[in-house]
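In: The sequence isn't on hand, but the structure is:
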Ligand code: NAP
């Protein structure tokens, strides 16, 4: 039976260490989260971020816009926040309403306040093998988890499934920067199981139940980033926990795996930007 990679426990450890650090600061970071529209999942994520930040003593401001907000209005607000020296971190909750260009909005955030690490400056540095100001939160959380459980990356074959800008692409690049041998799979990949069978580590970020035990090499590590509700309303991940936990050496559960690590990483990033910008 596989070792469970406990994201909840690790989040508490990361956050309690961060709180000790923050308690010594004379002034505190201020994180602004912009939420446009009524997406129920986004509202839950934003509330969790606000609550976690407040528990740490980080100033947390949520700016809500209706779903018909104009792109111009968002860009004007971001410009204002970029110029406000009391604000140290800006996050735009995705997805945005369809009429708004995600690229335009993200590109407007100052890289020094880009707490998700999504702006072209931070992405460009990551993809050129240099240090960005901060790393994207979900990939960062996955790496913290692998490191905590002593899972070596150098020389290992890691198969990342999913190539979004939020998870798959930056994660693959971060693994490459850590000297893993990385294969990226996606919806057009042929014979996924043949590829996953050769992996030492499989990281799935798809949003569909696609990984079964028989697709894996015995003793591999499986990280499940996916999270969605099935037809019965139950929260699920990409991985069939029952069959995979019989084959893998380590497995991250859903819920309680990568999700809590994403929020811990956001808090780490908020503090890292604050420290970098107050030097
Ligand atoms: P996304 O933008 O929809 O990307 C999904 C990726 O999966 C795409 O690259 C897609 O390929 C690929 N894909 C779809 N069907 C596939 C298949 N049958 N076989 C192989 N690849 C397939 O989603 P995302 O934003 O990256 O999120 C992925 C999942 O992670 C979602 O469930 C999301 O809720 C979850 N998530 C969790 C956290 C967390 O903190 N736990 C954070 C972020 C996201 P193409 O590129 O070819 O379309």
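Out: Perfect, thanks for sending it. In this text the structure is predicted, and so the values were computed from the model without any measurement.

In: can you tell me which residues contact the most centrally placed residue in the chain?
Out: Within the chain, one residue has its C-alpha closest to the average C-alpha position: by C-alpha atoms, centre = their mean, that is residue 138, at 1.5 Å. The contact partners of residue 138, taken as C-beta atoms under 8 Å, 6 or more residues apart in numbering, are 166-167, 171, 205, 225, 258, 261-262, 265. For every residue, glycine as well, the C-beta is placed using N, CA and C.

In: and the stretch 151-279 of the chain, which of its residues are near the ligand?
Out: By C-beta under 6 Å from any ligand atom, the part of the stretch 151-279 of the chain that sits against the ligand consists of 161-164, 166-168, 185-189, 192, 205-208, 210, 225-228, 258-259, 262.

In: Now do residue 91 against the ligand, distance only.
Out: In this structure, residue 91 and the ligand are 13 Å apart, going by C-beta to the nearest ligand atom, to the nearest Å.

In: oh, I was asking about residue 67
Out: When C-beta to the nearest ligand atom is applied, the distance between residue 67 and the ligand equals 20 Å.

In: now do residue 154
Out: 25 Å.

In: For the residue lying closest to that residue once chain neighbours are set aside, identify the helix or strand it belongs to.
Out: Using C-beta to C-beta, 6 or more residues apart in numbering and skipping the chain neighbours, the partner closest in space to residue 154 is residue 179 (4.2 Å). Assignment of secondary structure by DSSP states H and E places residue 179 within no helix or strand.

In: Where do the helices of the stretch 101-250 of the chain begin and end?
Out: Using DSSP state H, counting those that start in this stretch, the helices found in the stretch 101-250 of the chain span residues 102-108, 120-127, 137-148, 168-177, 192-196, 241-247.

In: Show me which parts of the third one are buried, residue by residue.
Out: Using 16 or more other C-beta atoms under 10 Å as the burial criterion, the residues of helix 137-148 that qualify are 137-146, 148.

In: Repeat that for the second one.
Out: Using 16+ other C-beta under 10 Å as the burial criterion, the residues of helix 120-127 that qualify are 121-123, 125-126.

In: Just list what the helix or strand hosting residue 10 packs against, helices and strands only.
Out: Following DSSP H and E, one finds residue 10 within helix 7-23. Contacting helix 7-23 under the criterion 3 or more C-beta pairs under 8 Å, 6 or more residues apart in numbering; DSSP states H and E are the following elements: helix 40-56, helix 137-148, helix 258-277.

In: okay if I get those helices as JSON lines plus mean pLDDT?
Out: Written out in JSON lines, the entries for the helices and strands packed on helix 7-23 read as follows (pLDDT from 0 to 100):
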{"stretch": "helix 40-56", "mean pLDDT": "96"}
{"stretch": "helix 137-148", "mean pLDDT": "98"}
{"stretch": "helix 258-277", "mean pLDDT": "97"}
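
In: Next, format these as JSON lines and append distance to residue 131.
Out: Rendered in JSON lines, the data for the helices and strands packed on helix 7-23 read as follows (distance: least, C-beta to C-beta, whole Å):
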{"stretch": "helix 40-56", "distance to residue 131": "24"}
{"stretch": "helix 137-148", "distance to residue 131": "12"}
{"stretch": "helix 258-277", "distance to residue 131": "11"}
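
In: and the next element down the chain from the helix holding residue 10?
Out: Heading C-terminal from helix 7-23, the first helix or strand you meet, by DSSP H and E, is strand 30-36.

In: Understood, closing this out.
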